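Engineer: after the sequence you'll find the predicted model.
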Amino acid sequence: MVVRKQFILVSLVVALALLFAAAAPARGQEQPQPPVHAVAPGDTWAALAMRYGVSQEQLQAANPHPNRYRQPVAGSTIQLPAEAAERTGLLRRPAGSLLRLAVATNQNPWALARLNGVDDPLRPNFYRPIYVPATEGVPQDLPPGFASLELSQLPAVPGQAIGYRATASGVLSVTARLNASLMPSFVNGDRVVGVGATGAFFYPGAPELSIQLPDAPLWAQPWQFAPGSWDYDQLTLSGAAAEIDQEAIRAEGERLYAIWSQVTNAPQWQEPFRYPIESYLQISSRYGARRSYNGGPYRTYHEGVDFAAYGGTPVYAAARGTVVLAEILYVRGGAVLIDHGLGIYTGYYHMSEVHVTPGQVVEAGDQVGEVGSLGLSTGNHLHWDLLAAATWVDAAAWEAQDMGCWLLEGWGTPCSEPERG
Ligand SMILES: [Zn+2]
């Protein structure tokens with residue numbers, strides 16, 4: 001621990017020194033900075049070209065990439081040509097000809113055609129977005145029917161739950177994916193939310209977020225992922241702990257995975273998620289900590305957050321939900337699983353006592369059990385985990401980023417203040 005702190009301090013000093021070194025020569029000079037743009041969802045090359053009154057070719061020349069069909073990465077920054085001048089307006093995908101769009105938006109069809117480089121305003125145009133001058137709004141190339149689209153983090157971080165929230169009209173179902181992984185998506189009237197996960201071994205980069213609506217072209221844009229920072233734990237197993245029953249571990253995991261894969265289509269929680277324990281000594285292992293057993297390679301990582309605490313310390317539900325498992329398990333000891341809806345589950349493990357029963361609806365802060373060391377555990381602690389899309393995510397980051405309220409507001413429900421007492 002001490003070594004790590006010193007290392008961080010030294011890194012900070014070096015980083016600051018580099019920062020000042022880099023900043024110093026610029027001081028006193030009057031070099032205009034080239035304009036840049038922070039890429040948001042919907043900022044495709046077409047949308048940005050229309051927004052800044054330049055051509056897509058000019059934009060792409062200022063931001064070379066071997067694949068010109070790849071859209072700008074949400075969460076990254078791109079260079080704008082010097083002549084870029086921002087203008088307001090809207091993008092529309094006409095259902096039919098440009099003429100119909102012109103009539104619907106009260107525009108001169110010939111002027112709209114000229115502005116968008118369209119030869120024939122009567123020709124059907126299903127895929128090309130059309131810039132419509134407007135007094136407010138910025139051109140954004142969003143999935144068909146979407147009026148807005150927000151991403152939970154820009155950039156995102158591997159291992160943390162990710163989500164999107166959108167307003168849309170006439171949308172009945174949405175299929176969203178990050179690369180090949182499904183992000184379960186939920187429609188509530190004119191609102192859409194999706195929540196997904198990558199896992200702590202996910203390689204940082206710019207995976208593609210794709211959104212598919214029935215009978216519409218696929219919408220896709222890369223999403224920037226920054227590297228995570230991980231602990232490295234070396235564990236030594238000996239004696240009974242080294243002779244654990246692998247088959248029992250596999251069977252228990254399979255049984256829980258079947259539960260986590262079930263998705264309840266509405267959020268059950270109503271307020272911010274909270275830590276499941278108030279009195280603890282320390283967080284003894286963070287989510288995503290790489291683990292080496294008996295000097296072997298770091299092949300696994302810690303899937304939850306460990307709170308070291310005295311035996312008997314009360315353990316509380318992190319948020320409102322339905323208890324879907326409450327029993328003593330071989331690996332996880334005294335275990336409680338809560339379904340919060342939208343594919344979000346929390347789990348509480350190694351408890352000596354379980355105070356709830358399956359089917360019971362618990363409120364945030366209701367006691368679910370007591371800290372213990374049952375199951376495959378070497379001492380009293382609470383292992384707390386959180387899953388989204390049947391994948392372990394960083395429960396501490398979920399709490400710190402207030403993801404629960406972010407999604408709930410996207411769903412159209414205000415997040416109420418937690419009760420104190
Ligand atoms: Zn643990």
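Structural biologist: In hand now; what should we look at?
Engineer: what helix or strand does the residue of the chain at minimum distance from the ion sit in?
Structural biologist: Residue nearest to the ion within the chain: H383 (3.5 Å; C-beta to the ion). All C-beta spots, glycine's among them, are computed from the backbone N, C-alpha and C. Taking DSSP states H and E as the definition, H383 sits inside strand 381-388.
Engineer: just checking, what packs against the helix or strand following that strand?
Structural biologist: Reading on from strand 381-388 to the C-terminus, the next helix or strand found by DSSP H and E is strand 391-393. For strand 391-393, the contact count by 3 or more C-beta pairs under 8 Å, 6 or more residues apart in numbering; DSSP states H and E identifies strand 381-388 as packing neighbours.
Engineer: redo that, cut-off 10 Å
Structural biologist: Other helices and strands packing on strand 391-393, by 3 or more C-beta pairs under 10 Å, 6 or more residues apart in numbering; DSSP states H and E, are strand 191-196, strand 344-351, strand 381-388.
Engineer: dump these into a markdown table; add mean neighbour count and mean pLDDT as well.
Structural biologist: Formatted as a markdown table, the helices and strands packed on strand 391-393 follow (neighbours: other C-beta atoms under 10 Å; pLDDT from 0 to 100):
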| stretch | mean neighbour count | mean pLDDT |
| --- | --- | --- |
| strand 191-196 | 25 | 97 |
| strand 344-351 | 27 | 98 |
| strand 381-388 | 25 | 98 |
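Engineer: in the protein, which spans are helices?
Structural biologist: Secondary structure of the chain, counting by DSSP state H: helices at 2-23, 45-52, 56-62, 98-104, 109-115, 246-260, 395-400, 403-411.
Engineer: would you mind giving those helices as CSV with mean pLDDT, distance to N179 and mean neighbour count added?
Structural biologist: Output for those, formatted as CSV (pLDDT from 0 to 100; distance: least, C-beta to C-beta, whole Å; neighbours: other C-beta atoms under 10 Å):
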stretch, mean pLDDT, distance to N179, mean neighbour count
helix 2-23, 46, 32, 10
helix 45-52, 93, 21, 22
helix 56-62, 94, 23, 16
helix 98-104, 85, 33, 18
helix 109-115, 89, 36, 16
helix 246-260, 94, 20, 13
helix 395-400, 97, 21, 19
helix 403-411, 97, 21, 22
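Engineer: out of these, flag the one nearest A364.
Structural biologist: helix 403-411 (9.5 Å; C-beta to C-beta).
Engineer: export the closest one to CSV, keeping only CA atoms.
Structural biologist: This file holds the C-alpha atoms of helix 403-411, laid out as CSV (Å, rounded to 0.1, in the frame of the first residue of the first chain):
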residue,chain,number,x,y,z
MET,A,403,-25.8,5.3,-12.6
GLY,A,404,-29.0,4.2,-10.9
CYS,A,405,-30.4,7.8,-11.0
TRP,A,406,-29.0,8.5,-14.4
LEU,A,407,-30.9,5.5,-15.9
LEU,A,408,-34.0,6.2,-13.8
GLU,A,409,-34.2,9.8,-15.1
GLY,A,410,-33.7,8.5,-18.6
TRP,A,411,-36.7,6.2,-17.9
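Engineer: which one of the helices of the chain lies closest to P143?
Structural biologist: Closest approach to P143 among those is made by helix 45-52 (12.6 Å; C-beta to C-beta).
Engineer: next one: V356 from R255, what distance?
Structural biologist: The gap separating V356 from R255 is 18 Å, by C-beta to C-beta, to the nearest Å.
Engineer: now do the contacts for the residue sitting furthest away from the middle of the chain.
Structural biologist: The centre of the chain is farthest from one residue, W110, which by C-alpha atoms, centre = their mean lies 43.1 Å away. When contacts are counted by C-beta atoms under 10 Å, 6 or more residues apart in numbering, W110 touches L98, L99, A102, V118, P121.
Engineer: which positions in the stretch 251-400 of the chain make contact with the ion?
Structural biologist: G304, D306, H383 (C-beta under 5 Å from the ion).
Engineer: export these to JSON lines and tack on distance to W392?
Structural biologist: Shown next, in JSON lines, are these (distance: C-beta to C-beta, whole Å):
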{"residue": "G304", "distance to W392": "7"}
{"residue": "D306", "distance to W392": "13"}
{"residue": "H383", "distance to W392": "11"}
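Engineer: what's the domain layout of the chain?
Structural biologist: What automatic domain parsing lists as the domains of the chain is 94-128, 146-222, 232-411.
Engineer: mean pLDDT for those: which is lowest?
Structural biologist: Lowest mean pLDDT within the domains of the chain: domain 94-128, at a mean of 81.
Engineer: how distant is it from the center of its chain?
Structural biologist: Distance, stretch centre to chain centre, for domain 94-128: 37 Å (C-alpha atoms, centre = their mean, to the nearest Å).
Engineer: how about CSV for the domains of the chain, with distance to V36 added?
Structural biologist: Putting the domains of the chain into CSV (distance: least, C-beta to C-beta, whole Å) gives the following:
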stretch, distance to V36
domain 94-128, 26
domain 146-222, 15
domain 232-411, 26
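Engineer: what's the residue closest to the geometric middle of this structure?
Structural biologist: By C-alpha atoms, centre = their mean, the chain has its centre lying nearest to I162, at 1.0 Å.
Engineer: with adjacent residues omitted, what lies nearest to A49?
Structural biologist: Nearest residue to A49 in three dimensions, chain neighbours excluded: Q56, at 4.6 Å (C-beta to C-beta, 6 or more residues apart in numbering).
Engineer: give me every residue that touches the residue lying closest to E417 once chain neighbours are set aside.
Structural biologist: For E417, ignoring the flanking residues on the chain, the nearest one in space by C-beta to C-beta, 6+ apart is E271 at 6.8 Å. Applying C-beta under 10 Å, 6+ apart to E271 gives the contacts 319-320, 363-365, 404-405, 408, 414-419.
Engineer: all strands for the stretch 251-400 of the chain, in order.
Structural biologist: Here the stretch 251-400 of the chain has its strands, by DSSP state E, counting those that start in this stretch, at 282-285, 290-293, 300-301, 305-308, 314-316, 321-329, 333-341, 344-351, 353-354, 361-362, 367-370, 381-388, 391-393.
Engineer: I appreciate the help and will end here.
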